[in-house]
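S.K.: build me a structure from this.
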Amino acid sequence: MLDLVRGLCTRVCRRGTLLFTIWLVCTSLLSTAEGATSGGGGAGNTPTSFSTPASRTTPIRVAYQGEPGAYSEKSLRELLGDNVVAVGRQNFEDCYRAVASRECDYCCLPVENSLGGSIHENYDLMLRYDLTICAEHEFRVKHCLLAKPGVKRSDIKYAISHPQALAQCDNYLRGLGIKPIPTYDTAGSAKMIRDRKGLPDGCTPENTAAIASDLAGRTYGMDCLEKGIEDDDTNFTRFLLLGRSGVAQFLNKNVPSKTSIVFTLPNTAGALYKALACFSLREIDFSKIESRPTSASLLSFLKFRSQALGKRSRTRHEIPRFRYCFYLDFLESELDERAQYALSHLREQADFCRILGSYPAKSRLVGPVKDAVDSLKHVQMKREDTLASSLPSDEEETQKLNIGVVGYGAFGQFLGRQMAGTHKVRCIDQMDRSKEADRTDVEYYPMFDMHNFLEDLDVVVFAVPLIEFEDVIKNIAANQLSGKLVVEVCPLSAHPKKILLNHLGGDVDILSTHPMFGPSDRSGTIDDDAHLKYSWDGQPMVYDMVRVSDVRRADSFLSIFEQARCQMVAMTAEEHDELTADAEFVTHLTGRILDRHMLPATPVSSREYAALCDVAEMTSGDTLDMFYGLYKYNPKAKEAMAKMRENLARIERQLAGKEAYLTAKAELQNSERQKLLAETRHLLEQIAFDDASVAVRKTRGAGSASSRSPSSPSNRITSSRPSRSAATPSKGGALAPKKPVAGSRPTSGAKA
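M.R.: Reported below is the predicted structural model:
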């Protein structure tokens, strides 16, 4: 009975901090009750704790991908032992969900193969789910040829298995003349032969063998005709054990440690070199580094979450089409002093950085994982008791909801189309939206038919402008919403939440949400392709379970967004507004200021210009009512507008000051240029006059020399030396006679 109640608590309390707290209290009380019923609840006895798997009386549950007997199951049993309960899931994401929903304790998943390379899907899922690596295991893949009992190897004509396994045994099969036929799984192939179901054409249990693990052979009662038939004996697969909490605090210097991180870098020269230098300068060794293209929508969510934690990205440009995440494994614990400095240094350079886990290397176990495994070593369990093919959530059919959308504008249509895929949807609007409703497979009701519209609805979604929200709620009788789930999808959540709590009774469930994405065109209608053009994958869906009594119904509604692979962010309405209200208002204000006419189309443009065009395009179709709601219910909106006006005035002052400075500088440079030209002109005139004076002196000197005898030594000496009374240029540039020296007799030259 206690197990039944605990299972119910586990299924019901999957979301929300408050519900999780209730879950912990319930499980603690149940554990105490178990201790009391077993005789351990008396004085001096410690009640059984439910805080760690180590203290449980039941084995830990580990999810893996594949059928029982798959290589993933064999790997987890090599790592954790034979007494853990292995839960097979259809795909990798189901394994992550099983752990995140607390239905399983851990999941064991492959991340890379020595021959086939990395399994990128699991790397991407590690970013989507907040699970932590607790251990690693390098598994040696040995393929076996399995056949029905009594069948000989010479009878085998066909071999069925996963395509990768067949490729790894190609030479062996060719040598025996066996035709390979691919199927969905290795262990599943053995199951098909045993059950005689799903075999390919021409294949029978008597002429067909499966290539799978020896564990699969024991699981399905098959004979192993030959073991180790792979062509390459260096086939290893690295598995990771992931859980909800890490084991870094249990690592010490005696345990070889490894830490896995993922980060993104700005698109600048040398960014990767600088990031790796954070570790190499501190002599921290790497064991792996790999880059992986990641979707822009996922990176947008990672950026949103980083900003929610207080980290601002330095890159303001548009996310490029190919944006890479870098996965790095280094051989230190994250709590090591050198690693702490290296990670702090890396966070200064990276746009996004997350530690995927710090764990012991080489298949070692520490902390709660080791305690849980050690406690089960001496427990005797049958093979069938260690297998589970389903979880409680598998037995719960998805509840098909009757959903009504109040307000069927562009955003209402955007949501209605997605909801109509799995639920029955109807809409109501003040305007005639019958054509839009038909196009989106939604039933339309006119506004005067509100009573029939609300009848038999499970969920009522209000997709109306923020300023009209209160009037719409008041115009609906409270008893008409009794027993229903009311959902608001406004861009600001605190005000609608307050209105719903004030006007609706306690029998009405309230869910406050904000899908932080929408149609690319909000002009009032959505064409048939608009829904397909905009992916919900990785987009943040913020929700607040304000008041929920029917958790299953709320889960069914939120599963619409989960199945579309939105990133579900549990956050109160007040926290949401604190983080996003200012950004939403400034974005729409900027778009309305720019509008499409200020940004003409150009064949060549920068990324910054393209980003501005996108903002203007996305906000141009928004109505004034929508923008006024962002203004009215954001207490900082007026401050933001005043700040924008102040910034604009400051920019105008800066531009005016710069213009005045350049004008004065140009005038000064022009004045200096005129002065320089005058001085240059005067210098050229001086040089021309000096040349003329020299020419005159030479001419006169030559005339004096010709009038005297060339044989007289005195005449030769006199002619070679200028007369003391020769005219010299005056200071002003004119020729002036040289003044005679006082007390001397004038020469004949002076008289002349």
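S.K.: what ranges do the strands span in the stretch 601-750 of the chain?
M.R.: Taking DSSP state E, counting those that start in this stretch as the criterion, the stretch 601-750 of the chain contains strands spanning 728-729, 735-736.
S.K.: wait, I meant the stretch 301-450 of the chain
M.R.: All strands of the stretch 301-450 of the chain, identified by DSSP E, counting those that start in this stretch, fall at 323-330, 352-360, 387-388, 402-406, 424-429, 443-446.
S.K.: the nearest residue to Glu468 once chain neighbours are set aside: what's it in contact with?
M.R.: Nearest non-adjacent residue to Glu468, counting by CB to CB, 6 or more residues apart in numbering: Asp625, 6.9 Å away. No exception for glycine: its C-beta is placed from N, CA and C like everyone else's. By CB atoms under 8 Å, 6 or more residues apart in numbering, the residues touching Asp625 are Pro465, Ile467, Glu468.
S.K.: at 10 Å what do you get?
M.R.: Val464, Pro465, Leu466, Ile467, Glu468 (CB atoms under 10 Å, 6 or more residues apart in numbering).
S.K.: what do you get for Ser161?
M.R.: Counting by CB under 10 Å, 6+ apart, the residues that Ser161 touches are 143, 145-146, 167-169, 173, 180-190, 209-212.
S.K.: from Ala70, how far out is it?
M.R.: According to CB to CB, to the nearest Å, Ser161 and Ala70 sit 11 Å apart.
S.K.: now the contacts of Ser161: which count as buried?
M.R.: For these, a burial check counting by 16 or more other CB atoms under 10 Å picks out 143, 145-146, 168-169, 173, 180-181, 183, 185-190, 209-212.
S.K.: so of those, which ones are in helices?
M.R.: In this view, the buried ones among the contacts of Ser161 that belong to helices under DSSP state H are Gln168, Leu173, Thr186, Ala187, Gly188, Ser189, Ala190.
S.K.: tell me the one of the residues you listed nearest Leu365?
M.R.: The closest of those to Leu365 turns out to be Ala187 (CB to CB; 25.2 Å).
S.K.: that closest one and Ser213 touch, don't they?
M.R.: Yes - Ala187 is within contact range of Ser213, at 7.0 Å (criterion: CB atoms under 10 Å).
S.K.: list residues touching both of those two?
M.R.: Joint contacts of Ala187 and Ser213 (CB under 10 Å, 6+ apart) are Gly69, Ala70, Tyr71, Ser72, Glu73, Lys74, Leu146, Thr219.
S.K.: tell me the pLDDT at the nearest residue to Asp130 once chain neighbours are set aside?
M.R.: Of all residues not flanking Asp130 in the chain, Ala100 sits nearest, at 7.6 Å (CB to CB, 6+ apart). Note on Ala100: pLDDT of 87.
S.K.: just to revisit the earlier point, now the strands of the stretch 301-450 of the chain as a markdown table including distance to Ile156, mean pLDDT and mean neighbour count?
M.R.: Listed next are these as a markdown table, based on distance: least, CB to CB, whole Å; pLDDT from 0 to 100; neighbours: other CB atoms under 10 Å:
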| stretch | distance to Ile156 | mean pLDDT | mean neighbour count |
| --- | --- | --- | --- |
| strand 323-330 | 41 | 91 | 20 |
| strand 352-360 | 42 | 93 | 22 |
| strand 387-388 | 28 | 86 | 16 |
| strand 402-406 | 55 | 95 | 24 |
| strand 424-429 | 53 | 94 | 22 |
| strand 443-446 | 59 | 94 | 18 |
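S.K.: reformat those strands as a markdown table; add distance to Arg650.
M.R.: Shown next, in a markdown table, are the strands of the stretch 301-450 of the chain (distance: least, CB to CB, whole Å):
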| stretch | distance to Arg650 |
| --- | --- |
| strand 323-330 | 34 |
| strand 352-360 | 33 |
| strand 387-388 | 66 |
| strand 402-406 | 44 |
| strand 424-429 | 45 |
| strand 443-446 | 51 |
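S.K.: between the ones you listed, which gets nearest to Asp456?
M.R.: It is, among these and with distance given as CB to CB, strand 402-406, at 5.8 Å.
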